[in-house]
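> I'll drop the sequence and a predicted model, then ask my questions.
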Amino acid sequence: MSRAIVNDNEVDIVIGAFRSDLTSFLEEWRPVFSRFHLIIVKDPDLKEVKIPEGFDARVYTESDIVKVVGSSNAALFSGYSSRYFGYLVSNKKYVISIDDDCSPAKTKNGDLVDIVSEHVNNLKTPATPFFFNTLYDPYQKGSDFVRGYPFSLRSGVPCAVSCGLWLNLADYDAPTQALKPDMRNSRYVDAVLTVPLKSMLPVSGVNIAFDRELVGPAMLPALKLLKEGKVRWETMEDIWCGLVVKTVCDHLKFGVKSGIPYVWRNEKGSAIDSLKKEWEGVKLMENVVPFFESLTLSPSAVTAEDCVVEIAAAVKERLGSSHSVFVTAADSMVGWVKLWKSVRSQVSS
């Protein structure tokens, strides 16, 4: 099967800017990104962001965010969660998110990985969540369904999310990084698979793409941890988002793929510092995963917005008594749906 054609006007690339000078980052990505519109969301702590010429880029500052969502909602988009503002204002079918500490990866043959083409190919070809194909994605070039795969399921379902991977510094949690500081991912596996129905997965906005028209409202910032009375963004926000969007996909019969494309992840931060920040979230996960694994949505939930609201109600009812953070997360999910509808009406008009 040939690779899907990518049109310039159907892709937005969202970049959260945490460095004041993005020149070297964007120059590395120029061969891949120069055709497409970039949504660059500046972290509020930065005074300015420098980008090189030759890119179709829109830089959003803190004041821009306030104009779109209001001052009461602007705090949602600080730190790494700035990427979610990019999701909110994108008007393209496919949204690709990448962090500014990533460089283009290379294949085993030394060719530059085109993450836009590979992500969009994943999203434009069907997914197979209801029956696992042992040769990975049967829609990739040079692959097909294996003997015994039901013919009634071979048409697949729409793919809504494409989760890319990392070379060098993989997405290990802080305890693993602290115990194995020299461990790096050097294995380039040229494969992608559909995550099976009712199987949860950890998701990261470092290298991800999704079909905004199918699941955009489910790509949300909700679970925020607190320290000394201040809201802070950590990896739990992406993890929670992944659990929500996978539940939505399972219910609406969409697929989620994981595998290629790869990016090269550069060194960033201290494992010990990350452990201090993440530990509360690590403990919360022990209750969160069984909840999502057992969650069933009603037939009346027919859109991503419907699903998010139902999940929020279940979170408040079943998890709210165990920790106040879940009550806040549930309220944030409902608020996000309202904000999504409001901003979408502005963007579309």
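In hand now; what should we look at? Numbers count the residues shown, from 1 in each chain.
> now the helix or strand hosting W264, how far from the centre of its chain.
W264 is part of strand 255-265, with elements assigned from DSSP states H and E. Put simply, strand 255-265 sits 11 Å off its chain's centre (Cα atoms, centre = their mean, to the nearest Å).
> In CSV, list the C-alpha atoms belonging to that strand.
Taking Å, rounded to 0.1, in the frame of the first residue of the first chain, the C-alpha atoms of strand 255-265 are listed here in CSV:
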residue,chain,number,x,y,z
GLY,A,255,-8.4,3.4,16.6
VAL,A,256,-5.1,4.5,18.3
LYS,A,257,-1.8,3.6,16.8
SER,A,258,1.7,3.5,18.4
GLY,A,259,5.1,3.1,16.8
ILE,A,260,6.7,5.1,14.0
PRO,A,261,7.5,7.9,13.5
TYR,A,262,10.5,8.4,15.8
VAL,A,263,12.1,11.6,16.9
TRP,A,264,15.5,12.1,18.6
ARG,A,265,14.9,13.2,22.2
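> Show the average pLDDT along it.
Strand 255-265 shows a mean pLDDT of 96.
> what lines up beside it in the sheet?
strand 102-104 (antiparallel), strand 159-168 (parallel), strand 192-194 (antiparallel) (DSSP bridges).
> so which of the ones you listed gets nearest A209?
Closest of the strands paired with strand 255-265 to A209 is strand 159-168, at 4.4 Å (criterion: Cβ to Cβ). Where C-beta positions appear, they are placed from N, C-alpha and C, glycine not excepted.
> C-terminal to that closest one, which secondary structure element comes first?
helix 174-179.
> Which positions in that next one come out as buried?
Buried residues in helix 174-179, defined by neighbour count with 16 or more other Cβ atoms under 10 Å: 174, 177.
> Take that helix, keep the C-alpha atoms, and write them as CSV.
Provided in CSV are the C-alpha atoms of helix 174-179 (Å, rounded to 0.1, in the frame of the first residue of the first chain):
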residue,chain,number,x,y,z
ALA,A,174,11.7,9.4,36.9
PRO,A,175,12.4,6.3,39.0
THR,A,176,13.6,4.4,36.0
GLN,A,177,15.8,7.3,34.9
ALA,A,178,17.3,7.6,38.4
LEU,A,179,18.0,3.9,38.7
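> I appreciate the help and will end here.
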